[in-house]
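Q: Build the 3D model from these lines:
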Amino acid sequence: MTRLRIATRGSELALVQAALVAEAVTLSARPSAISFELVVVETAGDVQRERPIGEIGGQGVFVKEVEQALLEERADLAVHSAKDLPSVSGADGLCIVAVPERGDPRDALVGLPMGELGPGARVASGAPRRRAQLAWLRPDLRFQELRGNIATRLAKVPEGGAVVVAYAALQRLGLAEMAAEVLSLSTMMPQVGQGALAVQCRAGDLFTAEVIALIDHEDSHRCLDAERAFLAELGGGCELPVGAHGVVVADGSLELEGLVASPDGLVLLRRALHGTEPVEIGRALAKELLERCGGAEILLGTA
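A: Numbering: from 1, shown residues only. Okay, the predicted model is just below:
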């Protein structure tokens with residue numbers, strides 16, 4: 001029997017996601033020939049839980065140490081929340097081999113739904129993307145910083161207010177019923193990669209790549225590639241008020257919608273493009289928002 005070691009963060013959600021990948025591979029591959037072992041890695045984002053992500057390195061703070069475990073051959077594959085991966089793909093010598101079928105990309109409110117939030121109600125979220133879009137809808141809302149794992153966030157619902165979390169995280173933890181409202185994609189554009197998992201291995205490890213590729217979901221992978229290309233062209237990460245969401249439509253082409261907003265929510269730009277080549281669509285949409293719609297000036301103001 002071949003044992004494959006999965007590098008993962010130690011949060012409850014990360015462990016559940018690693019287990020989902022292991023289960024999917026077991027069902028798709030040679031179950032009698034492969035077993036899995038978890039290699040738990042502590043990341044900078046886990047250690048410095050109280051500081052805003054932008055202060056400790058931005059996108060990638062939940063990834064670098066996990067990737068290092070792969071590079072040092074302490075693990076054979078790594079499971080990430082795709083939204084945590086830097087837009088310019090990680091360390092040299094690693095590749096994203098599989099993107100399992102994507103979970104729900106939407107955001108959810110825990111506490112009170114939008115319609116029950118009173119004037120000046122407090123909403124807890126550390127994500128500029130979420131704050132900007134909520135401020136666009138409800139300029140009266142007040143925002144407070146929020147970081148930590150899902151359990152920590154759920155314990156910090158402001159009185160008379162709400163916290164914003166990824167709905168897929170609630171679902172994977174069996175907590176979907178805690179959502180007071182699941183926000184529509186027209187209300188809240190997701191973070192790039194939200195709801196998706198990305199599975200990495202070393203570029204030269206052909207055996208692991210072959211096994212893991214069995215759980216790749218082509219449509220989900222194409223959408224993630226387009227979203228990541230969009231973010232890379234913008235030159236940003238999770239610390240910027242931007243978002244994107246791709247879907248594969250009936251004819252097999254890809255529709256990508258992107259968002260750029262000012263941090264205060266006073267300006268919000270949304271555009272969509274259709275095409276067949278994910279990276280080209282992502283780059284083209286980013287350029288349209290930056291050059292034709294004024295997005296460059298908005299993002300420059302966030303620097």
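
Q: what about the strands in the stretch 151-300 of the chain?
A: Taking DSSP state E, counting those that start in this stretch as the test, the strands found in the stretch 151-300 of the chain are 162-166, 181-182, 197-202, 242-248, 254-261, 268-275.

Q: so can I have TSV of those strands showing distance to Leu27?
A: Quick note: C-beta positions are derived from backbone N, CA and C, even for glycine. Listed next are the strands of the stretch 151-300 of the chain as TSV, based on distance: least, CB to CB, whole Å:
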stretch	distance to Leu27
strand 162-166	25
strand 181-182	28
strand 197-202	15
strand 242-248	23
strand 254-261	27
strand 268-275	33
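
Q: Let me know which of the ones you listed is the nearest to Thr26.
A: strand 197-202 (13.9 Å; CB to CB).

Q: Extract the C-alpha set from stretch 12-27 and format it as CSV.
A: What follows is stretch 12-27 as a C-alpha-only set of coordinates in CSV (Å, rounded to 0.1, in the frame of the first residue of the first chain):
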residue,chain,number,x,y,z
GLU,A,12,-11.1,22.4,11.9
LEU,A,13,-12.2,23.6,8.5
ALA,A,14,-8.8,22.8,6.9
LEU,A,15,-8.8,19.3,8.4
VAL,A,16,-12.3,18.6,7.1
GLN,A,17,-11.2,19.8,3.6
ALA,A,18,-8.2,17.6,3.6
ALA,A,19,-10.4,14.7,4.6
LEU,A,20,-12.8,15.4,1.8
VAL,A,21,-9.9,15.3,-0.7
ALA,A,22,-8.7,12.0,0.8
GLU,A,23,-12.1,10.5,0.6
ALA,A,24,-12.6,11.7,-3.0
VAL,A,25,-9.3,10.1,-4.1
THR,A,26,-10.1,6.9,-2.3
LEU,A,27,-13.4,6.6,-4.1
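
Q: right, and the helix or strand after the helix or strand of the chain with the lowest mean pLDDT?
A: Lowest mean confidence among the helices and strands of the chain (mean pLDDT, DSSP states H and E): helix 44-47, at a mean of 60. Tracing the chain past helix 44-47, the next element assigned as helix or strand by DSSP states H and E is helix 64-71.

Q: Run the chain-centre distance for the helix or strand that that following helix is followed by.
A: Under the assignment DSSP H and E, the closest C-terminal helix or strand after helix 64-71 is strand 77-81. Relative to its chain's centre, strand 77-81 lies at 12 Å (CA atoms, centre = their mean, to the nearest Å).

Q: Check stretch 198-211 too.
A: Stretch 198-211 has its C-alpha centroid displaced from the chain centroid by 21 Å (CA atoms, centre = their mean).

Q: Report the separation between Leu13 and Lys64.
A: Separation of Leu13 from Lys64 (CB to CB, to the nearest Å): 19 Å.

Q: Could you do Asp104 as well?
A: 27 Å.

Q: Let me know the pLDDT of the most centrally placed residue in the chain.
A: Centrality entry for the chain: nearest residue to the mean C-alpha point is Lys83, 2.1 Å, by CA atoms, centre = their mean. What the model reports as pLDDT for Lys83 is 93.

Q: Repeat that for Leu300.
A: Reading off the model, Leu300 has pLDDT 78.
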